[in-house]
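Undergrad: the amino acid sequence is not available; the structure is as follows:
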């Protein structure tokens with residue numbers, strides 16, 4: 001699956017999380033402070049991730065359109081948008097509380113925890129009690145092709 005398709009799917013999933021949170025709220029018209037924080041986080045994550053998916057940079061200059069670096073620059077911008085969306089999640093302790101795991105202290109560990117959880121199968125997550133959902137630290141990022 002192409003990166004933009006994966007990002008679009010992730011954006012939809014974040015939106016579904018917000019809908020589920022609202023449907024499970026005792027009073028959806030007046031969310032608690034924690035519910036409000038979670039809704040904002042999922043909304044930001046959904047918006048920025050979907051923007052990253054839909055990104056199509058078109059340069060007005062023919063020189064820039066034909067430059068070898070142009071695809072790389074586009075992907076750096078896409079990454080920045082996706083990172084902003086992801087940051088809305090891993091920067092909030094309430095997301096980790098929702099997942100019933102202790103929030104890691106470092107940004108890298110927070111990111112690894114969310115990636116590890118996202119790599120779990122939905123049936124694994126659905127059948128597990130929240131306390132059983134534990135990230136493993138076996139996630140190793142794959143270097144980009146051509147990166148030194």
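TA: Happy to help now that I have it. Predicted, not measured: the structure shown is a model, and the values here were computed from it. Residues are numbered from 1 along each chain as shown.
Undergrad: and stretch 41-60, how far from the chain's centre?
TA: Stretch 41-60 sits 12 Å away from the centroid of its parent chain (C-alpha atoms, centre = their mean, to the nearest Å).
Undergrad: buried stuff in it?
TA: Judged by neighbour count (16 or more other C-beta atoms under 10 Å), stretch 41-60 contains these buried residues: 41-53, 55. Every residue, glycine included, has its C-beta placed from N, CA and C.
Undergrad: pLDDT weak spots in the protein?
TA: Low-confidence segments of the chain, defined by pLDDT under 70, span residues 121-148.
Undergrad: which stretches in it count as helices?
TA: Counting by DSSP state H, the chain has these helices, from start to end: 3-24, 33-54, 62-66, 70-90, 93-98, 107-118, 122-127.
Undergrad: list the contacts of the third one.
TA: By that I understand helix 62-66. The list of residues contacting helix 62-66 from outside it, by C-beta atoms under 8 Å, 6 or more residues apart in numbering, reads 58, 59, 70.
Undergrad: swap in the fourth one?
TA: The list of residues contacting helix 70-90 from outside it, by C-beta under 8 Å, 6+ apart, reads 3-4, 7, 10-11, 14, 40-42, 44-49, 51-52, 55, 57, 59, 64, 95, 107, 110-111, 113-114.
Undergrad: buried residues, it. List them.
TA: Neighbour counts over helix 70-90 (16+ other C-beta under 10 Å) mark 78, 81, 82, 84, 85, 86, 87, 88, 89, 90 as buried.
Undergrad: could you dump those residues into JSON lines and include distance to residue 23?
TA: Shown next, in JSON lines, are the buried residues of helix 70-90 (distance: C-beta to C-beta, whole Å):
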{"residue": "78", "distance to residue 23": "31"}
{"residue": "81", "distance to residue 23": "28"}
{"residue": "82", "distance to residue 23": "27"}
{"residue": "84", "distance to residue 23": "27"}
{"residue": "85", "distance to residue 23": "22"}
{"residue": "86", "distance to residue 23": "24"}
{"residue": "87", "distance to residue 23": "26"}
{"residue": "88", "distance to residue 23": "21"}
{"residue": "89", "distance to residue 23": "20"}
{"residue": "90", "distance to residue 23": "24"}
